[in-house]
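Undergrad: Take a look and give me a structure for this.
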Amino acid sequence: MEHYLPFLVNNWRTVGLIGVSLAAGVALGQLHQTSKQTANKNHGSWKKSRTEEIKQAEEQPTIETENEQVDDDHLTADNEDTKQILFRYNKPSEADSIKQSEAFYCRMNQRRSVRSISSDPVALEVIENIIKTGGTSPSGAHTEPWTFVVVGNPEIKQQIRQIIETEEEINYQQRMGDVWVQDLQPVGTTWVKEYLTEAPWLILIFKQVYGFKKNGQRKIHYYNEISVSIATGFLLAAIQEAGLVTVTTTPLNCGPSIRVLLNRPVNEKLLLLLPVGYPKAEATVPDFKRKPLHEIMVLCQ
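TA: Next up is the predicted model:
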């Protein structure tokens, strides 16, 4: 040791700095090891939580998971050759086509979202014709992935309103955010939905996420949400043609509760709700203007 004393005396600053650096390195190593253990523990908890979320998500079938389940039965069951029939069609003259398309546009251009709906009765036959019109809509692989639940029972309508208003109050106050709420101010809507109990009929539109084959296996419903959305457009046109009014309602966070209330199967998910009836005499609507043709149509020739 005595041989190193001159060196230590002459270089004490350097030696001291090296010592401090080594001590700091050891401390950082211990801290890193502790952090790593904590991170692994947190990751384990996160992974467990995430695994549970994935497991729940996997219970909701998608096109990809359904395709993985396809076996030989998919090639046989419910897949018989469809007979082709002659398409019956009477071609209109160009003048008639222009006239008819313009007349239909004029009727549809009068359509407005009306929230003041009268309790005046509407014949069930009218609603049935509207639903039948919705059923003529195209769908992916002709799976017709829709269920239209028609509610006229006052008690059930009241329960639906209670479910929706409870969730909507939370939506407006917490979930939607200030910008969304401000964007709705010109419409004049709040979480109070009087039309849900005042309208004579409610049409609840469910998308069938999947169906069932004759052998009981799940059947893929391709593009089910797009198909049901198109069918909703048919419904809106039919409601307008019948001289009735409605407002498209998307019951945010209400689907599961309403599905249980209406005793619908788990493969059905609530997409939209339409209250249907005649407008109140004092009904008002925002003075909105629709975009002109040149803003919504691009002509390529």
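Undergrad: what's the neighbour count on Arg259?
TA: Arg259: 18 surrounding residues under other C-beta atoms under 10 Å. (Each C-beta comes from the backbone N, C-alpha and C, glycine too.)
Undergrad: do the one 5 residues further on as well
TA: Counted with other C-beta under 10 Å, the burial measure for Arg264 works out to 18 neighbours.
Undergrad: Contacts for stretch 222-234, please.
TA: Residues outside stretch 222-234 that contact it (C-beta atoms under 8 Å, 6 or more residues apart in numbering) are 63, 133-141, 143-146, 205-210, 221, 248, 271-272, 274.
Undergrad: Report the buried members of those.
TA: Among the contacts of stretch 222-234, those classed as buried by neighbour count (16 or more other C-beta atoms under 10 Å) are 133-134, 137, 139-140, 143-146, 205-210, 221, 271-272, 274.
Undergrad: Which ones among those residues lie within strands?
TA: Mapping the buried ones among the contacts of stretch 222-234 onto strands (DSSP state E) picks out 146, 205-208, 210, 271-272, 274.
Undergrad: out of those, what pair is the most spread apart?
TA: Using C-beta to C-beta, the two most remote members of those are Tyr210 and Leu274, lying 23.9 Å apart.
Undergrad: At which residues are the strands of this structure located?
TA: Counting by DSSP E, the strands of the chain are 146-151, 201-208, 210-212, 218-220, 268-276.
Undergrad: List just the one of those strands that sits closest to Leu86.
TA: Ranking the strands of the chain by proximity to Leu86 (C-beta to C-beta) places strand 146-151 first, at 27.6 Å.
Undergrad: Flag every buried residue along that closest one.
TA: By neighbour count on 16+ other C-beta under 10 Å, the buried set for strand 146-151 is 146-149, 151.
Undergrad: Kindly report the same for stretch 244-253.
TA: For stretch 244-253, the buried set under the neighbour-count rule, 16+ other C-beta under 10 Å, comprises 244-247, 249, 251.
Undergrad: As TSV, those with distance to Ile117 and pLDDT would be great.
TA: Shown next, in TSV, are these (distance: C-beta to C-beta, whole Å; pLDDT from 0 to 100):
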residue	distance to Ile117	pLDDT
Leu244	9	98
Val245	6	98
Thr246	8	98
Val247	8	96
Thr249	12	91
Pro251	17	83
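Undergrad: Now distance to Ser257 too, for the residues you listed, in CSV please.
TA: Formatted as CSV, the buried residues of stretch 244-253 follow (distance: C-beta to C-beta, whole Å):
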residue, distance to Ser257
Leu244, 27
Val245, 26
Thr246, 22
Val247, 21
Thr249, 15
Pro251, 9
